[in-house]
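In: Structure, please.
(one chain, ligands or ions: 1)
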Amino acid sequence: MGYENVLVGDDHGVRWVTLNRPAKLNALNRALMAELGDAVAAAGRDDAVRAVVLTGQGDKAFAAGADIAEFVGLGAADARAMARAGQAVFDAIAALPKPVVAAVNGFALGGGCELALACHMRVVSTTARFGQPEAKLGLIPGYGGTQRLARLVGQGRALELLLTGATVDAATALAWGLANRMVEPAELRAAAQKLADETGAVSPLAAARCLEAVRIGLDLPLQLGLEVEAALFGLCAASEDMREGTAAFLEKRPPRFVGR
Ligand code: COA
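Out: Below you'll find the predicted structure:
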């Protein structure tokens, strides 16, 4: 698939997917969402890709939300279908068995905030701004914002953003746990690449199982989550990567993981 709204490139096993509608602050229209879904799926299938970074083109926005121009004349059934389609793309990002880092380079509003939330970790520049301003438009978030935001930062902070439509700056996002790391704008690319590289140094199989255990476990009572963890621990113990990782430690050499 040739892309018009996303740019795709690789940097030492890290797949960079860049939202590319800077004149519209990378607003997520249908065409971009389809390309984003396709690009993420392709990254998931490619064994040479160890981790993914999502970012926005330009120095102003990660993404300023769903494309408001596409809301005009939207009926209830169409809007619901649009939300479900967007949720499916973001769910696929959240469920990718490889680490996905959002490099948030400016506004992450509405769907842009939801996209950052669907990623596994967030590195943000000091210029980043997060918010869910949909209620100001007479809407609510439709791509997971009412669910993932509260899970990540807690009910009170999530409702503050949802009910006021206000934005929070990068330092607040860091203090709330919405951001993992905050750096100067000029250092964002290197910082996101570094985090992705660090996740690429562990066993790809173990990374996939960690992502699975946390993702599934967050929706379960603790005792069931622990059952899931034990089952995945068992699967890891039967892997080549576990034999290699433990042997490498005992032989005092770096491991050579194969991902199985
Ligand atoms: N959908 C469609 N177009 C958008 C957009 C969105 N979510 N966000 C920005 N744009 C467009 C603007 O319409 C403008 O296009 P134009 O130059 O053709 O008129 C362009 O991007 C630049 O945006 P502009 O508003 O001029 O930039 P700004 O610096 O004055 O303001 C924001 C930046 C982010 C505060 C402002 O664009 C904004 O509030 N965007 C909408 C945020 C939102 O409500 N998102 C949730 C959507 S559900």
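
In: Let me know the secondary structure of Ala116.
Out: helix (DSSP: H, G, I helix; E, B strand; the rest coil).

In: so who does the closest residue to it other than its chain neighbours touch?
Out: Distance criterion CB to CB, 6 or more residues apart in numbering; nearest residue to Ala116, sequence neighbours excluded, is Ala102 at 4.3 Å. Every residue, glycine included, has its C-beta placed from N, CA and C. Applying CB atoms under 8 Å, 6 or more residues apart in numbering to Ala102 gives the contacts 53-55, 62, 108, 115-116, 119, 121-123.

In: Mind listing the residues bridging to Ala102?
Out: Note on Ala102: beta-bridge partners by DSSP bridges are Leu54, Arg122.

In: What's the per-residue pLDDT of it here?
Out: Looking at Ala102, its pLDDT is 98.

In: and which of the contacts of Ala102 is nearest Gly75?
Out: Leu115 (24.8 Å; CB to CB).

In: what about that closest one, how many residues close to it?
Out: Number of residues near Leu115 (other CB atoms under 10 Å) recorded here: 29.

In: For the contacts of Ala102, give me TSV that also has pLDDT and distance to the ligand.
Out: Listed next are the contacts of Ala102 as TSV, based on pLDDT from 0 to 100; distance: CB to the nearest ligand atom, whole Å:
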residue	pLDDT	distance to the ligand
Val53	98	22
Leu54	98	17
Thr55	98	16
Phe62	98	11
Ala108	98	10
Leu115	98	12
Ala116	98	13
Cys119	98	18
Met121	98	23
Arg122	98	18
Val123	98	20
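
In: ok, those vs Ala166, which is closest?
Out: Proximity of the contacts of Ala102 to Ala166 (CB to CB) peaks at Ala108, which lies at 13.6 Å.

In: need the contact list for the closest one.
Out: Ala108 touches 61-63, 102, 115-116, 128-131, counting by CB under 8 Å, 6+ apart.

In: One more: Phe71?
Out: Going by CB under 8 Å, 6+ apart, Phe71 touches 79, 137, 139.

In: related to what we said a few turns ago, in TSV, list the contacts of Ala108 along with distance to Leu174.
Out: TSV is the format used below for those (distance: CB to CB, whole Å):
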residue	distance to Leu174
Ala61	19
Phe62	15
Ala63	20
Ala102	14
Leu115	18
Ala116	13
Ala128	9
Arg129	13
Phe130	11
Gly131	15
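
In: Among those, which one sits closest to Val258?
Out: Using CB to CB, Ala102 comes nearest to Val258 of the contacts of Ala108, at 28.3 Å.
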